[in-house]
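**Student:** got a sequence here, can you model it:
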Amino acid sequence: SYYGMVFGHLGLAITMAGATIVSNYGIERDVRMVPGDVATVGDYQFVFRDIGERRGANFTAQYGSFDVLVDGEKIADLHPEKRQYSVGMSVMTEADIDAGLFRDIFVAVGERISDNAWAIRLQYKPLVRWLWLGAIFMAAGGFLAISDRRYRVRERSAQKSNAGVPSGNATESAGAVS
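**Tutor:** Numbering: from 1, shown residues only. Predicted coordinates for the structure are as follows:
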């Protein structure tokens, strides 16, 4: 149970660190881009290479191709989509995320503004994965704590001590007499 407590409190600390960092240092920008444009979010440059179309089983999609650079070095190739489903004519945005333990980079294609221009959402979220990591630590701590043998021994000894004691319930007493 001691290690369960340690894991639980460590998980809470990890979750709080992740929430604090992502809320204070996360960056989100909505920009107008045409193929060839470069937008900067923090230390990251997002290069909008092109936009294309493709057909899926039950949808058509416009997809963007983005290179993500840091100091001129390519670190990710992202392909978000704007899907239009043939049934119900609903439109869905499928973002693309370059996930990591210390940061997530997120790109989503919005609405077409003109022939070549699109509304694009760019996000940088530091330590956002730590929210889930903290929850996993807390759950592991809970499982460790409840797996402590001392709690099961007390449960058994409590059941044994109550086994020979009459309950005092009137209906049970009446049923036993008849």
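
**Student:** pLDDT weak spots in the protein?
**Tutor:** Along the chain, the parts satisfying pLDDT under 70 run over 151-178.

**Student:** show me the contact partners of the longest helix belonging to the chain.
**Tutor:** Looking across the chain with DSSP state H, the single longest helix is helix 2-25. Residues outside helix 2-25 that contact it (C-beta atoms under 8 Å, 6 or more residues apart in numbering): 125-131, 133-148. Placement of C-beta: from N, CA and C, glycine included.

**Student:** any chance of a PyMOL selection covering the buried ones in the residues you listed?
**Tutor:** Remark: buried members of the contacts of helix 2-25, expressed as a PyMOL selection using 16 or more other C-beta atoms under 10 Å:
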select buried, resi 125+126+127+128+129+130+131+133+134+137+138+140+141+144+145
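
**Student:** circling back to that earlier point, adjacent strands (with direction) for the next helix or strand after the longest helix of the chain?
**Tutor:** Counting by DSSP states H and E, the next helix or strand C-terminal to helix 2-25 is strand 27-33. Applying DSSP bridges to the sheet, strand 27-33 is found paired with strand 118-126 (antiparallel).

**Student:** just to revisit the earlier point, C-alpha coordinates for the longest helix of the chain, CSV please?
**Tutor:** Output in CSV follows, covering the C-alpha atoms of helix 2-25 (Å, rounded to 0.1, in the frame of the first residue of the first chain):
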residue,chain,number,x,y,z
TYR,A,2,3.0,2.3,0.6
TYR,A,3,4.1,2.0,-3.1
GLY,A,4,0.5,2.5,-4.2
MET,A,5,0.4,5.8,-2.2
VAL,A,6,3.7,6.8,-3.8
PHE,A,7,2.5,6.1,-7.3
GLY,A,8,-0.8,7.8,-6.7
HIS,A,9,0.8,11.0,-5.4
LEU,A,10,3.5,10.9,-8.2
GLY,A,11,0.6,10.6,-10.7
LEU,A,12,-1.1,13.6,-9.3
ALA,A,13,2.1,15.6,-9.5
ILE,A,14,2.7,14.5,-13.1
THR,A,15,-0.9,15.5,-14.0
MET,A,16,-0.6,18.9,-12.3
ALA,A,17,2.8,19.6,-14.0
GLY,A,18,1.3,18.6,-17.4
ALA,A,19,-1.8,20.8,-16.9
THR,A,20,0.2,23.7,-15.7
ILE,A,21,2.7,23.6,-18.5
VAL,A,22,0.2,23.0,-21.3
SER,A,23,-2.1,25.8,-20.2
ASN,A,24,0.7,28.4,-19.7
TYR,A,25,3.0,27.5,-22.6
